[in-house]
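K.L.:
Predicted model and sequence below, questions to follow.
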Amino acid sequence: MTVLRRESGCERLPLIVLSAVSGVVGLSLLTRRRYVAVRGAAALAVAAILWAWGAAQYPAMLVGSLTVDQAASQPAVLSACLIALACGAVLLIPALWLLYGTFQRAHTGDASNMHGHTSPQ
């Protein structure tokens, strides 16, 4: 059985503090109705707490039974996964960009033309 080394917790404390500060900043931005900035603060808070959780578990993947080194795959498999990820990104990113642009485009014309009605002339 592998004995896991436990750290003092100091290496993940900055991530926890970053998450807490981001949460407070997000709440203050919310009271000021800065909704776009709130999204960024919330995303940072969630990302920081997830990184802190991962740092707390390191080097264990499954506590008590599997470490990161034991779970690592062969270099050929990792290369194939990265190539597949890059090919998927080449297809997906332009499609998402087009989709976002289609629905965020400003509508031209008046409201009566949007539902197939024509305005009297």
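P.N.:
Alright, I've got the coordinates. Small disclaimer: the values here were computed from a predicted structure and weren't measured.

K.L.:
State the distance from residue 12 to residue 70.
P.N.:
Distance, residue 12 to residue 70, using C-beta to C-beta, to the nearest Å: 22 Å. Every C-beta, even on glycine, is put in place using the N, C-alpha and C of the backbone.

K.L.:
which one of the two has more residues nearby?
P.N.:
Neighbour comparison, residue 12 and residue 70: the larger count goes to residue 12, with 20 against 12 (by other C-beta atoms under 10 Å).

K.L.:
can I assume the more buried one is in contact with residue 52?
P.N.:
Yes: Residue 12 is within contact range of residue 52, at 4.7 Å (criterion: C-beta atoms under 8 Å).

K.L.:
Please identify which helix or strand holds residue 83.
P.N.:
Counting by DSSP states H and E, the element that carries residue 83 is helix 75-104.

K.L.:
May I see the buried residues of that helix?
P.N.:
Within helix 75-104, no residue is scored as buried using 16 or more other C-beta atoms under 10 Å.

K.L.:
quick one: that helix to chain centroid distance?
P.N.:
Mean-position distance between helix 75-104 and its chain equals 15 Å (C-alpha atoms, centre = their mean, to the nearest Å).

K.L.:
Check which helices and strands that helix sits against.
P.N.:
Helices and strands touching helix 75-104, as assessed by 3 or more C-beta pairs under 8 Å, 6 or more residues apart in numbering; DSSP states H and E, are absent.

K.L.:
wait, what's in contact with residue 86?
P.N.:
Contacts here follow C-beta atoms under 8 Å, 6 or more residues apart in numbering; on that basis residue 86 touches nothing.

K.L.:
do the same with residue 77
P.N.:
Residue 77 touches nothing, counting by C-beta under 8 Å, 6+ apart.

K.L.:
what pLDDT does it get?
P.N.:
pLDDT, residue 77: 94.

K.L.:
can you check the one 3 residues further on too?
P.N.:
Here the pLDDT value assigned to residue 80 is 96.

K.L.:
What is the least confident helix or strand in this structure?
P.N.:
Every helix and strand in the chain was compared by mean pLDDT, DSSP states H and E; the lowest is helix 111-114, with a mean of 52.
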